[in-house]
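Q: What follows is a predicted structure for the sequence shown.
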Amino acid sequence: MYRFFVEPRQVGEKEIRIQGSDVNHIKNVLRMKPGDEIFISSGENTEYTCYIEYMQEEEILAHIMYAQEAGYELSSKLYLFQGLPKSDKMEFIIQKAVELGVCEVIPVASRRAVVKLDKKKEEKKIARWQAISESAAKQSKRMYVPRISEVKTFPEAVEYAKKLDVVLLPYELAKGMARTKEIVENIQRGQSVGIFIGPEGGFEEAEVELAVREAKASAITLGKRILRTETAGLAVLSVLMFALEE
């Protein structure tokens, strides 16, 4: 069945009101009819199984058949601080990161990032990236749509990461796979985890030092092979998903 997302205010005792772009998608793209069943999530851990009761021009009313605790989400919140990559790599990264359980993607304009976005381009990009996040969340049975934040400078990203319990920074000059494994194994379910990934040119040493000093980041190694920016974050998220899955 298809999955849709609504705000908590749209959920009533026995019905859910679907509004916005999903109305057109349900009526004119999917060509669904009254009586068709759908899944709806309001951003919490409750999944509603509904059937379409009636359709209006700007709203669809879905009747709640039953609700259940879905348990699809990790107990830990994973934050991906992704250095701005070239081309359309960010779209691929966001899609796969959402599938792997990330709760927020923070684009980072680090010093070696080739891509530079002015405010107008940034707004368009973020709108596009947020739409990709929503599509991936629907496909992968997420209970909410992970947020794509505004682009941050590296110092701003470090400041944002201070609130997290654990911060990981894969770095090509880091050594000691045993230490990396120990750090990952000691992450507890329920802890918030940030992952800093550099752009194609990697991080400058001063950036790594800032993250370690201010956000208590752990510089880790991902092995002897050099991973592309679009691979490194997904590799870490895959490991964390496996380790933290209930």
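A: All right, it came through fine.

Q: neighbouring contacts of stretch 159-178?
A: 79, 81, 106, 152, 180, 183-184, 187, 191-198, 202-203, 205, 208, 211-212, 214-223, 226-227, 232, 236 (Cβ atoms under 8 Å, 6 or more residues apart in numbering). In short, each C-beta sits where N, CA and C put it, glycine included.

Q: Buried ones among these?
A: Neighbour counting by 16 or more other Cβ atoms under 10 Å classes 79, 81, 106, 152, 180, 184, 187, 192-198, 202-203, 208, 211-212, 215, 217-222, 227, 232, 236 among the contacts of stretch 159-178 as buried.

Q: So which of those residues belong to strands?
A: 79, 81, 106, 152, 193-197, 218-220 (DSSP state E).

Q: And those, which two are furthest apart?
A: K152 and I220 (21.5 Å; Cβ to Cβ).

Q: which of the residues in stretch 168-181 are buried?
A: Buried, per 16+ other Cβ under 10 Å, within stretch 168-181: 168-171, 174, 180.

Q: CA-only coordinates of the longest helix along the chain, as PDB, when you get a sec.
A: Across the chain, the longest stretch assigned as helix under DSSP state H is helix 119-139. These are the backbone C-alpha positions of helix 119-139, laid out as PDB (Å, rounded to 0.1, in the frame of the first residue of the first chain):
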ATOM      1  CA  LYS A 119      21.000  32.100  -1.300                       C
ATOM      2  CA  LYS A 120      18.600  31.700  -4.300                       C
ATOM      3  CA  LYS A 121      20.300  28.500  -5.500                       C
ATOM      4  CA  GLU A 122      20.400  27.200  -2.000                       C
ATOM      5  CA  GLU A 123      16.700  27.600  -1.500                       C
ATOM      6  CA  LYS A 124      15.900  25.800  -4.800                       C
ATOM      7  CA  LYS A 125      18.400  23.000  -3.900                       C
ATOM      8  CA  ILE A 126      17.000  22.500  -0.400                       C
ATOM      9  CA  ALA A 127      13.400  22.300  -1.700                       C
ATOM     10  CA  ARG A 128      14.600  19.700  -4.300                       C
ATOM     11  CA  TRP A 129      16.500  17.800  -1.600                       C
ATOM     12  CA  GLN A 130      13.500  17.800   0.800                       C
ATOM     13  CA  ALA A 131      11.300  16.400  -1.900                       C
ATOM     14  CA  ILE A 132      13.800  13.600  -2.500                       C
ATOM     15  CA  SER A 133      13.800  12.900   1.300                       C
ATOM     16  CA  GLU A 134      10.000  12.700   1.300                       C
ATOM     17  CA  SER A 135      10.000  10.300  -1.600                       C
ATOM     18  CA  ALA A 136      12.600   8.100  -0.100                       C
ATOM     19  CA  ALA A 137      10.800   8.100   3.300                       C
ATOM     20  CA  LYS A 138       7.600   6.900   1.700                       C
ATOM     21  CA  GLN A 139       9.400   4.200  -0.200                       C
END
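
Q: model confidence over it, on average?
A: Average pLDDT, helix 119-139: 92.

Q: Next: stretch 88-107.
A: 96.

Q: what about the helices in this protein?
A: 21-24, 89-99, 119-139, 154-161, 177-185, 205-215, 229-244.

Q: For the last one, list every residue counted as buried.
A: The neighbour-count criterion (16+ other Cβ under 10 Å) identifies 229-230, 232-237, 239-241, 244 as the buried residues of helix 229-244.

Q: For those residues, work out which two are farthest apart.
A: Among the buried residues of helix 229-244, T229 and L244 lie farthest apart (Cβ to Cβ), at 23.2 Å.

Q: just the buried residues of stretch 168-181: which has the poorest pLDDT?
A: A174 (79).

Q: ok, it to T221 distance?
A: A174 sits 4 Å away from T221, taking Cβ to Cβ, to the nearest Å as the criterion.
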